[in-house]
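Participant: let me see the structure of the following:
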Amino acid sequence: MLRRTKIIATLGPATDDPQMLDQIIEAGVDVVRLNFSHGTPEQHKARAEQIRNRARAHGRQVGVLVDLQGPKIRIEKFVEGKVRLTPGEALILDAGLDENAGTAERVGISYKQLVNDVKRGDTLLLDDGRVVLRVDDISGNEVVCKVIVGEELSDRKGINRQGGGLTAPALTEKDRADIIDAAEIQADYVAVSFVRNADDVNEARSLLRDAGGHGGIVAKIERADALERIEEIIDASDVIMVARGDLGVEIGDASLPPVQKHLIHLGRTHNRVVITATQMMESMITSHIPTRAEVFDVANSVLDGTDAVMLSAETATGKYPHMAIAAMDRICLEAEKQRLASKSDHRIDTRFERIDESIAMATMYTANHLQVKAIAALTESGSTTLWMSRISSGIPIYALTKHVETRRKVTLFRGVYPVSFEPESTTHASINHEVIDELVRRGTVRDGDLVIITKGDLMGVMGGTNAMKIVRVGSMPTDDDIG
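Facilitator: Predicted structure coming up:
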């Protein structure tokens with residue numbers, strides 16, 4: 001059984017060993033994430049090259065996602081590296097303090113505009129909500145707070161305003177430079193952190209194109225404000241990421257599950273890819289098995305229809321990167337056996353605007369109501385397979401294309417598998433035979449199986465898919481007039 005939900009693994013020190021890279025590829029990674037919050041451009045370029053080389057050696061295609069850091073909204077450093085905050089005591093967030101001079105009474109902040117973004121009575125959440133502060137006063141460069149929930153607090157922890165409202169732009173100067181590096185790496189996807197609106201997505205896309213990059217744009221949904229403009233953000237993006245860390249802090253942990261379900265539904269409705277991320281297998285940073293709660297979390301995301309589930313520190317710095325991927329793989333496979341994961345009434349009442357989109361929808365309706373073994377889509381850009389992948393199904397969709405960029409792109413689409421394919425023939429019947437021969441060679445189909453093939457009259461034309469053909473393996477006519 002092929003796993004349809006894709007697995008994204010973050011590269012880091014724990015995966016730098018070529019042997020470990022081989023293990024994570026064998027365990028089933030589909031896309032790797034390069035976290036530009038850490039490391040140097042040279043390290044990221046080396047990791048991208050290395051994973052592609054090792055994937056090629058395994059006969060696999062692995063996508064590369066560059067994750068931009070975004071604005072640093074953090075406290076600065078403490079003199080002693082950490083302090084313990086006591087409830088009821090005051091803590092001043094001081095935009096004018098030296099970055100290394102923090103104490104239990106006063107600490108610097110990286111985001112100097114904080115003094116303009118908050119007001120008396122606001123709640124600030126530090127270190128993913130472990131520390132809770134109430135704003136009592138704003139004076140000059142100082143945000144004077146009262147500690148409501150105190151914990152040990154160490155250097156460089158993040159700051160969130162409950163309910164959102166911080167005005168920091170999504171793209172920093174560092175991000176703009178990193179987008180150029182992403183283009184050089186030929187990243188398949190670039191993720192924009194702390195997206196506020198469609199303009200943030202459009203700006204990132206424009207910068208990437210200007211730098212010569214062709215990757216898709218991922219909008220990370222991690223601000224409460226983004227939820228107010230979510231449909232315009234989704235429409236501007238290729239992918240959305242449900243980034244549950246900061247988002248959960250800003251909207252509250254209890255609100256996160258229904259919001260996640262809503263975002264996955266919206267993404268699929270708008271024909272966009274959805275990634276579910278953050279702390280999915282957190283315990284596996286140090287443990288070789290996940291907790292039962294983590295198992296349920298991954299499985300429920302699959303049942304909700306997410307395209308991909310993501311691992312962060314579990315693979316970047318954890319002890320068992322390959323085991324975390326293997327655990328995620330078996331959980332996804334088991335969840336996909338459930339009827340909810342393979343049946344769909346998605347877009348049943350929708351009018352289609354394009355011929356290729358109509359072919360994609362007709363293909364999936366037919367495949368789900370006929371005993372079809374596989375779908376083979378000859379594609380230039382991957383769009384046809386994206387539309388197909390929005391429909392829940394247990395039938396594998398093979399994206400046959402000569403374009404390496406398209407093969408990498410579809411690694412993120414649920415239930416879609418890239419195949420390097422450049423037909424030697426020009427007639428439709430002969431091309432059909434080549435397609436079936438490729439699937440037979442891969443062991444995907446055998447004599448008697450039904451396969452749906454989609455393609456365009458004019459090969460090599462993007463958006464030109466206009467034909468769907470149902471063939472039975474082993475009994476295909478050879479005359480060109482029926483191709």
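
Participant: which SS class is the most centrally placed residue in the chain?
Facilitator: Nearest to the mean C-alpha position of the chain, counting by C-alpha atoms, centre = their mean, stands residue 275 at 3.7 Å. Classification of residue 275 by DSSP: H, G, I helix; E, B strand; the rest coil places it in strand.

Participant: what's the answer for residue 418, then?
Facilitator: Residue 418 ends up strand, using three-state DSSP.

Participant: ok, the residue nearest to the centre of the chain touching residue 308?
Facilitator: Yes. Judged on C-beta atoms under 8 Å, residue 275 makes contact with residue 308 at a distance of 4.6 Å. Any C-beta I mention is one placed from the backbone N, CA and C, and that applies to glycine too.

Participant: mind checking pLDDT for the residue nearest to the centre of the chain?
Facilitator: Listed pLDDT for residue 275 reads 98.

Participant: same check on the one 5 residues further on?
Facilitator: The predicted structure scores residue 280 at 98 on the pLDDT scale.

Participant: residue 483 too?
Facilitator: The model's pLDDT for residue 483 equals 40.

Participant: separation between residue 303 and residue 423?
Facilitator: 38 Å (C-beta to C-beta, to the nearest Å).

Participant: ignore the last one, residue 380
Facilitator: 13 Å.

Participant: same check, this time on residue 297
Facilitator: In terms of C-beta to C-beta, residue 297 sits 43 Å off from residue 423.

Participant: which of the two has more neighbours?
Facilitator: Per other C-beta atoms under 10 Å, whichever of residue 297 and residue 423 has more neighbours is residue 297, with 22 against 19.

Participant: part of a helix, is that one?
Facilitator: Yes. Under three-state DSSP, residue 297 sits within a helix.

Participant: residues contacting it?
Facilitator: Counting by C-beta atoms under 8 Å, 6 or more residues apart in numbering, residue 297 touches residue 280.

Participant: try 10 Å
Facilitator: The contact partners of residue 297, by C-beta atoms under 10 Å, 6 or more residues apart in numbering, come to 244, 257, 260, 276, 279, 280, 281, 282, 290, 291, 309, 331.

Participant: quick one: buried ones out of these?
Facilitator: 244, 260, 276, 279, 280, 281, 282, 290, 309, 331 (16 or more other C-beta atoms under 10 Å).

Participant: any idea how far residue 66 is from residue 197?
Facilitator: Look at residue 197 and residue 66: by C-beta to C-beta, they are 21 Å apart.

Participant: same check, this time on residue 219
Facilitator: Taking C-beta to C-beta as the measure, residue 219 falls 14 Å from residue 66.

Participant: tell me which of these two has more neighbours.
Facilitator: In this view residue 219 and residue 66 are compared by other C-beta under 10 Å, and residue 219 has more residues nearby, 30 against 25.

Participant: shouldn't residue 52 be in contact with residue 186?
Facilitator: Yes. If you go by C-beta atoms under 10 Å, residue 52 and residue 186 touch, sitting 9.0 Å apart.

Participant: anything in contact with each of those two?
Facilitator: Joint contacts of residue 52 and residue 186 (C-beta under 10 Å, 6+ apart) are 64, 404, 408.

Participant: want to throw those into TSV with pLDDT and neighbour count?
Facilitator: Compiled in TSV, these are given as follows (pLDDT from 0 to 100; neighbours: other C-beta atoms under 10 Å):
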residue	pLDDT	neighbour count
64	98	26
404	96	14
408	97	24
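
Participant: mind listing which of these are in helices?
Facilitator: Those of these mapping onto helices are 404, 408, per DSSP state H.

Participant: got the domain ranges for this structure?
Facilitator: The chain breaks down by automatic domain parsing into domains covering 6-70+169-337, 82-161, 355-482.

Participant: for these, which one sits closest to residue 76?
Facilitator: Closest approach to residue 76 among the domains of the chain is made by domain 82-161 (3.5 Å; C-beta to C-beta).

Participant: now the closest one: how far from the chain's centre is it?
Facilitator: 32 Å (C-alpha atoms, centre = their mean, to the nearest Å).

Participant: how about stretch 235-253?
Facilitator: 11 Å.

Participant: and the end-to-end length of it?
Facilitator: 26 Å (C-alpha to C-alpha, to the nearest Å).

Participant: flag the shaky bits of the stretch 1-150 of the chain, pLDDT-wise.
Facilitator: Nowhere does the stretch 1-150 of the chain drop to pLDDT under 70.

Participant: how about the stretch 301-450 of the chain?
Facilitator: Residues of the stretch 301-450 of the chain that meet the cut-off, pLDDT under 70, sit at 341-350.

Participant: what helix or strand is residue 430 on?
Facilitator: helix 428-441 (DSSP states H and E).
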